[in-house]
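Asker: test case, fold it:
(chains A and B)
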There are 2 protein chains.
Amino acid sequence: MIYLDNAATTFPKPERVYNALEAANRKLSFNAGRGSYKAARDASAVIDDTKNQLLSLLHATGYADVVFTPSVTHALNQVLNGLDLTRDSVIYVSPYEHNAVARTVHQLSVNSGASVEMLPLTDDLQIDLEKAKYQFSINTPSVVILNALSNVTGYILPVTELFLMAKECGATTVLDAAQATGLIDLDMPTLNADILCFAGHKTLMGPFGIGGFLIKHGITLKKVLTGGTGSASLTLDMPEEAPGRYEASSTNVVAIAGLNASLKGLDIDDHRETVRELTEYLLEALNNIPSVNLMGAFDTDKTLGIVSFVVEGYESDEIGTILDDEYDIAVRTGYHCAPYIHDYLGDKPYHGTIRIGIGQFNTKEDIDALISAIESL
Amino acid sequence: MIYLDNAATTFPKPERVYNALEAANRKLSFNAGRGSYKAARDASAVIDDTKNQLLSLLHATGYADVVFTPSVTHALNQVLNGLDLTRDSVIYVSPYEHNAVARTVHQLSVNSGASVEMLPLTDDLQIDLEKAKYQFSINTPSVVILNALSNVTGYILPVTELFLMAKECGATTVLDAAQATGLIDLDMPTLNADILCFAGHKTLMGPFGIGGFLIKHGITLKKVLTGGTGSASLTLDMPEEAPGRYEASSTNVVAIAGLNASLKGLDIDDHRETVRELTEYLLEALNNIPSVNLMGAFDTDKTLGIVSFVVEGYESDEIGTILDDEYDIAVRTGYHCAPYIHDYLGDKPYHGTIRIGIGQFNTKEDIDALISAIESL
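Answerer: Below is the predicted model of the structure:
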């Protein structure tokens, strides 16, 4: 199989991740933070070390706490449902948000009466910073929630500029870095990110079952998930302090050990350069096929790892089926759990896009095989 | 290490579980339900098969849907926060509930104004069915939430009787079977359970990262977790139907494959008999040590797998430290994330209990080593 669905989940994982998972399953799968015996303390030590590595990766040591959740969706649910919103609150999102944000802010809006405002796009589907600034001036943001990198088009959003503008308005800033952590160098303080959410199993190349968020010191969210924490067991309230405040339930130390191994060998510059080269190579090749329409891929500097396109004369899932059946090439087709952006892309007549998700372990030969298949249609 | 903390998480897992996890990490860790390629369909097939096995185990084929969540805590949060409660609602719980229930109903009560009522105990710490019946008659239950088996004392609660009484009052019935699924034969329709929550990594002997609930056909909960479902991506509401209604985020197919392997080799009669014999053996031995006070262990027929005790002259964590340091025996000490029951046990002067959690792979020699250590104090 030629795997080009790395935006859904990266595959394969680095060999060190498989080895760490196998070792952790057999030797470390204890209930950390509860038992007072050596094996449970070993589990806690791996969790602490992984948090420290994430703080280091995101330049947030001394700036933020790390909270582990089972997935980035769970992280975003805790974060967004933990915001203190009223009917006067204004939540800004970009048209590139995933349903983990879009459905959650929709529900929040229904429940709290807060309004959801969409950031404006230019004609070439970039965020229009001029217009955004004007929007902020007439309708002050309470919260700005942004994708770091679109899971549909691979667009790298201008987070630095937008969060700076958001901070000038006193807004809380939330970065959904599901598709970017470990691929793009994200400096949380420089980005003015109050909260940064990450997925373990995507660009961080860890396993399923672990995600989370970094939360700047001094910011407190409402408690969302309730349950055992191994602390203050007699108290019916969750603990007051992060991270315990947000970390009910047994910690998945096995998945964390896998993520730990991935982080230890992660070379973010090499990762980005590998993916960047292949993205450029793919974009150029697709551009040369007359029946292909690229979806929102502007220039290579602002597109990384993910490319969407349609082919004239085909619904996108037909292409997916042909690639699977005849070429053993795995891609994803459809709307990719991103509800807003398709109003801009013009892909609805094709029932969504064909999405290529490039990973660290893809090669030019993988891209050649895809291109050859598309050319043969 | 002699591992006697199986109530926190069972360890080791059956060899077939480790093998399945290793194989799934390397060959099956795809995003099920999203991609339309063979590998993603293989992942979906394992998920469906595991759901079918759970339905079979709990006698619920044709009666309930299975919803996967990352843990039983997440399951209980979805279930309890999904109930339609008002200030007139009356939630009954037992004094044996874990904080995944206790803290969650406390929060629900604060938010909705619903009242939380405690089921009464007899002098020997069993549920007083006579008094419970009377309580139900004067203060009709809307919801009855019960532990199947106490994570502190191993007490098997009279679920059949209580849920029958609850149903006569028209209440919704929720069973927290975290410590019982795969150990006790639970027949969901016969038990009159509307919802049954399970943990993958405890008595089901699967890995961390997977839990869930079975929900009787026709019962609908409010949506709690929101995010991508791989379906109806353009819609800002979660899908209406179970299980998609409750299953946002990428499914942890690796953990599910581990649970699948465990279920395939599970002999529930053998599991229960092994654990029952060791429990009886432990209770008898502890009973013969004059300085030991058993906590709420009535008779063997109603205690399974978990035994709590204190030792006169010691705080419980002192015993835990001695067992760890000097004998390499892993137990858990303290309050075990169960807030109510300690008002009845009389263990607070000891700062909680010493809890022994017996698993499928323990032996009489393990128990002998523990007893010998306690006798040597």
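Asker: so which strand or helix has the closest residue to residue A:100 other than its chain neighbours?
Answerer: Nearest non-adjacent residue to residue A:100, counting by C-beta to C-beta, 6 or more residues apart in numbering or on different chains: residue B:227, 3.9 Å away. In this view, the C-beta of every residue, glycine as well, is placed from N, C-alpha and C. According to DSSP states H and E, residue B:227 maps onto no helix or strand at all.
Asker: check the gap between the residue nearest the centre of chain A and chain B for me.
Answerer: Chain A has residue A:178 as the residue nearest its centroid, 1.0 Å off, counting by C-alpha atoms, centre = their mean. Remark: distance between residue A:178 and chain B (C-beta to the nearest C-beta, to the nearest Å) = 10 Å.
Asker: do residue A:173 as well
Answerer: Residue A:173 is 20 Å from chain B, by C-beta to the nearest C-beta.
Asker: pLDDT weak spots in the stretch 251-377 of chain A?
Answerer: The model of the stretch 251-377 of chain A has no residue with pLDDT under 70.
Asker: what residues does it have near chain B?
Answerer: Contact residues, the stretch 251-377 of chain A versus chain B (C-beta under 8 Å from any C-beta of the partner chain): A:251-255, A:317, A:320-321, A:323-324, A:328-339, A:342, A:352.
Asker: surely residue A:247 meets residue A:68?
Answerer: Yes. Counting by C-beta atoms under 8 Å, residue A:68 is a contact partner of residue A:247 at 6.3 Å.
Asker: what does the stretch 101-250 of chain A have sitting close to chain B?
Answerer: A:102-104, A:106-107, A:201, A:207-209, A:223, A:225-230, A:233-238, A:248-250.
Asker: ranges for the strands of the stretch 1-150 of chain A?
Answerer: Secondary structure of the stretch 1-150 of chain A (DSSP state E, counting those that start in this stretch): strands at A:2-3, A:64-69, A:90-93, A:115-118, A:143-147.
Asker: what packs against the longest one?
Answerer: Right, strand A:64-69. Here strand A:64-69 touches helix A:38-57, helix A:72-81, strand A:211-216, going by 3 or more C-beta pairs under 8 Å, 6 or more residues apart in numbering or on different chains; DSSP states H and E.
Asker: can you give me phi and psi for residue A:71?
Answerer: Residue A:71 adopts backbone torsions of phi -170, psi 170, taken as degrees, to the nearest 10.
Asker: so what's it up against?
Answerer: Contact partners of residue A:71, counting by C-beta atoms under 8 Å, 6 or more residues apart in numbering or on different chains, are A:199, A:208, A:209, A:210, A:211, B:70, B:249, B:250.
Asker: same check on residue A:332?
Answerer: A:5, A:7, A:8, A:320, A:354, A:355, A:357, B:34, B:35, B:36.
Asker: next one: residue A:93
Answerer: Residues counted as contacts of residue A:93 (C-beta under 8 Å, 6+ apart) are A:101, A:102, A:105, A:116, A:117, A:118, A:119, A:144, A:145, A:146, A:340.
Asker: so can I have JSON lines of these showing neighbour count?
Answerer: Output for the contacts of residue A:93, formatted as JSON lines (neighbours: other C-beta atoms under 10 Å in any protein chain shown):
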{"residue": "A:101", "neighbour count": "31"}
{"residue": "A:102", "neighbour count": "27"}
{"residue": "A:105", "neighbour count": "26"}
{"residue": "A:116", "neighbour count": "18"}
{"residue": "A:117", "neighbour count": "16"}
{"residue": "A:118", "neighbour count": "13"}
{"residue": "A:119", "neighbour count": "23"}
{"residue": "A:144", "neighbour count": "28"}
{"residue": "A:145", "neighbour count": "29"}
{"residue": "A:146", "neighbour count": "25"}
{"residue": "A:340", "neighbour count": "19"}
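Asker: nearest to chain B among the residues you listed?
Answerer: residue A:102 (6.0 Å; C-beta to the nearest C-beta).
Asker: contacts only, for the closest one.
Answerer: A:93, A:338, A:339, A:340, B:236.
Asker: taking those one by one, which sit in strands?
Answerer: residue A:93 (DSSP state E).
Asker: can you put the contacts of residue A:102 in CSV and add distance to residue B:112?
Answerer: Below are those laid out as CSV (distance: C-beta to C-beta, whole Å):
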residue, distance to residue B:112
A:93, 29
A:338, 34
A:339, 30
A:340, 33
B:236, 25
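Asker: tally of neighbours for the nearest residue to residue A:140 once chain neighbours are set aside?
Answerer: Sequence neighbours aside, residue A:169 is the residue nearest to residue A:140 in space, at 5.1 Å (criterion: C-beta to C-beta, 6+ apart). By the measure other C-beta atoms under 10 Å in any protein chain shown, the count of residues near residue A:169 is 16.
Asker: picking up where we left off before, if you look at the contacts of residue A:102, which of them are in helices?
Answerer: Of the contacts of residue A:102, none are assigned to helices by DSSP state H.
Asker: so which of the contacts of residue A:71 comes closest to residue B:293?
Answerer: residue B:70 (37.3 Å; C-beta to C-beta).
Asker: list the contacts for the closest one?
Answerer: Counting by C-beta under 8 Å, 6+ apart, residue B:70 makes contact with A:70, A:71, A:74, A:209, A:249, A:252, B:209, B:210, B:211, B:252.
Asker: no further questions, thank you.
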